[in-house]
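**Q** next input, structure requested:
(4 chains)
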Number of protein chains: 2
Amino acid sequence: MDLQKPLEKIRKFYHQRKRLPSYREIAELLNFKSVNASWRVVKKLIEQGYLDKDSQGKLIPKKLTHELKVLGTVAAGMPTLANQEEMDTLSLDEYLLTNPSKNYMLRVIGQSMKDAGISPNDLVIVESEKEPLNGDIVVAEVDGDWTMKYFQKRKNEVVLIPANKDYPNIYPKQNLRIGGVVVSLIKKYY
Amino acid sequence: MDLQKPLEKIRKFYHQRKRLPSYREIAELLNFKSVNASWRVVKKLIEQGYLDKDSQGKLIPKKLTHELKVLGTVAAGMPTLANQEEMDTLSLDEYLLTNPSKNYMLRVIGQSMKDAGISPNDLVIVESEKEPLNGDIVVAEVDGDWTMKYFQKRKNEVVLIPANKDYPNIYPKQNLRIGGVVVSLIKKYY
DNA sequence: TTGACAGGTGAACGATTGTTCAATAGACTA
DNA sequence: TAGTCTATTGAACAATCGTTCACCTGTCAA
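**A** This next block holds a predicted model:
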């Protein structure tokens, strides 16, 4: 049985309508006249791990969601088209959001983290209410201003160190408030 | 009517089960004894743009998907908790995947793009079958090896330039194959 | 020629679906 | 007190749901 076409149709339906089709709808998609035919196709798709079922028998997606093929490492070269299907896929949302309810995103302005590869217009994902470790990049309010810096705790004081020699270290006198720890950085070129 | 609790419950259900609850299930979630009660809650949620309906009346998510609050710019400071709800949200998948079927992801090894802020273990999202412009970062096969470099087209030849002075420019003799253009870069610290 | 098998048809089942109606309970205002 | 409003209840509707029958093709091997 050819599972490729059904998979593609179902995937398309899912992305367009943001829900999975019912067996009747699958029959329509695949030009079946009987729901039993789609029932059998779905059974195979479940066996192969593309779909799954609820406790109530409702279909839920498994390997269908907007996902990225991870093709390997750059220097190791490009995999051929032949084995692309076997590679892992990954949802960016799930991958990047360490703690969805506490994550938020900031757009970077200013050059103070330049040497860490963080430039204006980049996006950083920040996790709030997280205890920073030495070397973490934190978003902090120092004496009234918000900045992004490396976090360094020494004996009794905290130092905020920029990744740019043109900027001075910051020794917060009072009112140091940590807004969160930068958990990931996103640069978008296009 | 308090929509916050229902929203949160429905959102949680959606993320756990990867489908939206039925009206009966919503009633159960919110301790309603009547489906009509959930029907009205849903009506409100639709009016506010959190949910939507199919042509068949089935619920589909709108602003429910795993989304990030974009809180503003770093230097501009942190918004207060009060206006967080009004901020934009953004799905990373939708934001980063310029062309889902042609995008794939590579893990970076090697230091050759160091000065562009691209380090080993970073992830790059590549769009295949895209014509590179001068200055774009491309993934290319040169004389048998795969690398990531800046793309530069001069008169009749193509030069691949690393972002690291310790590495030489590459003047492909033959067999230059562009695997794709890097459309975004992801660094994950945690 | 026979038999097995995979793919599709058609119909039926009880359960669950979205939707709507009338009715009830409490909070607030006039 | 009477009246209005909102939130919830409870019951009912046709339609659709997932699931399972028995049956009908065609293909290929024995």
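**Q** ok, residue A:135 touching residue A:159?
**A** No: the criterion here is Cβ atoms under 8 Å, and residue A:135 misses it with residue A:159 at 11.6 Å. To be clear about C-beta, it is placed using only N, CA and C from the backbone, and glycine gets the same treatment.
**Q** of these two, which one has the most company?
**A** residue A:159 (15 against 10; other Cβ atoms under 10 Å in any protein chain shown).
**Q** one step back: anything in contact with each of residue A:135 and residue A:159?
**A** By Cβ atoms under 8 Å, 6 or more residues apart in numbering or on different chains, residue A:135 and residue A:159 have these common neighbours: residue A:152.
**Q** please work out how many residues are found near residue A:52.
**A** For residue A:52, using other Cβ under 10 Å, the count is 15.
**Q** ditto for residue A:13
**A** Counted with other Cβ under 10 Å, residue A:13 comes out at 18.
**Q** check it and give its pLDDT.
**A** In this model, residue A:13 is scored at 86, pLDDT.
**Q** next, give phi and psi for it.
**A** phi -60, psi -50 (degrees, to the nearest 10).
**Q** list the contacts of the residue nearest to it when sequence neighbours are not counted.
**A** Excluding the flanking residues, the one nearest residue A:13 by Cβ to Cβ, 6 or more residues apart in numbering or on different chains is residue A:21, at 4.8 Å. Counting by Cβ under 8 Å, 6+ apart, residue A:21 makes contact with A:10, A:13-14, A:29, A:59.
**Q** can you do 7 Å?
**A** A:10, A:13, A:29 (Cβ atoms under 7 Å, 6 or more residues apart in numbering or on different chains).
**Q** check which helix or strand covers the first one.
**A** Under the criterion of DSSP states H and E, residue A:10 resides in helix A:4-17.
**Q** so what's residue A:137 up against?
**A** Taking Cβ under 7 Å, 6+ apart as the test, what residue A:137 contacts is A:113, A:116, A:148, A:150, A:182, B:189.
**Q** in JSON lines: these, plus secondary structure, distance to residue B:42 and neighbour count.
**A** What follows is the contacts of residue A:137, written out as JSON lines (DSSP: H, G, I helix; E, B strand; the rest coil; distance: Cβ to Cβ, whole Å; neighbours: other Cβ atoms under 10 Å in any protein chain shown):
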{"residue": "A:113", "secondary structure": "coil", "distance to residue B:42": "44", "neighbour count": "26"}
{"residue": "A:116", "secondary structure": "helix", "distance to residue B:42": "46", "neighbour count": "20"}
{"residue": "A:148", "secondary structure": "strand", "distance to residue B:42": "41", "neighbour count": "25"}
{"residue": "A:150", "secondary structure": "strand", "distance to residue B:42": "47", "neighbour count": "19"}
{"residue": "A:182", "secondary structure": "strand", "distance to residue B:42": "37", "neighbour count": "28"}
{"residue": "B:189", "secondary structure": "coil", "distance to residue B:42": "39", "neighbour count": "16"}
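**Q** quick one, strands of chain A?
**A** A:51-53, A:59-61, A:68-73, A:89-90, A:103-107, A:123-127, A:137-142, A:145-154, A:157-161, A:177-188 (DSSP state E).
**Q** turn those into JSON lines, columns for mean pLDDT.
**A** Below are the strands of chain A laid out as JSON lines (pLDDT from 0 to 100):
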{"stretch": "strand A:51-53", "mean pLDDT": "85"}
{"stretch": "strand A:59-61", "mean pLDDT": "83"}
{"stretch": "strand A:68-73", "mean pLDDT": "51"}
{"stretch": "strand A:89-90", "mean pLDDT": "55"}
{"stretch": "strand A:103-107", "mean pLDDT": "77"}
{"stretch": "strand A:123-127", "mean pLDDT": "84"}
{"stretch": "strand A:137-142", "mean pLDDT": "85"}
{"stretch": "strand A:145-154", "mean pLDDT": "86"}
{"stretch": "strand A:157-161", "mean pLDDT": "89"}
{"stretch": "strand A:177-188", "mean pLDDT": "88"}
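**Q** in a markdown table: the contacts of residue A:137, plus distance to DNA strand D.
**A** Output for these, formatted as a markdown table (distance: Cβ to the nearest atom of the strand, whole Å):
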| residue | distance to DNA strand D |
| --- | --- |
| A:113 | 47 |
| A:116 | 49 |
| A:148 | 42 |
| A:150 | 49 |
| A:182 | 41 |
| B:189 | 42 |
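**Q** let me know the outermost residue of chain A.
**A** What lies farthest from the middle of chain A is residue A:33; by Cα atoms, centre = their mean that is 39.9 Å.
**Q** excluding sequence neighbours, find me the nearest residue to that one.
**A** Residue A:33 sits nearest to residue A:27 (Cβ to Cβ, 6+ apart), 7.1 Å away.
**Q** the one you found and residue B:58, how far apart?
**A** 17 Å (Cβ to Cβ, to the nearest Å).
**Q** now stretch A:105-124: buried residues?
**A** A:105-110, A:112-114, A:116-119, A:122-124 (16 or more other Cβ atoms under 10 Å in any protein chain shown).
**Q** and the two most separated of those residues?
**A** A:105 and A:114 (20.0 Å; Cβ to Cβ).
**Q** hmm, back to that, ramachandran coordinates for the residue farthest from the centre of chain A?
**A** Taking degrees, to the nearest 10 as the convention, residue A:33 sits at phi -100, psi 0.
**Q** measure residue A:11 to residue B:16 for me?
**A** Using Cβ to Cβ, residue A:11 is found at 22 Å from residue B:16.
**Q** which one's more surrounded, the two?
**A** The neighbour count for residue A:11 versus residue B:16, taken as other Cβ under 10 Å, is higher for residue A:11 (17 against 8).
**Q** what residue spans form the domains of chain A?
**A** A:4-65, A:100-186 (automatic domain parsing).
**Q** highest mean neighbour count out of these?
**A** domain A:100-186 (a mean of 17; mean count of other Cβ atoms under 10 Å in any protein chain shown).
**Q** give the contact list for the residue nearest to residue A:152 when sequence neighbours are not counted.
**A** Nearest non-adjacent residue to residue A:152, counting by Cβ to Cβ, 6+ apart: residue A:159, 4.5 Å away. Contacts here follow Cβ under 7 Å, 6+ apart; on that basis residue A:159 touches A:152, A:169, A:171.
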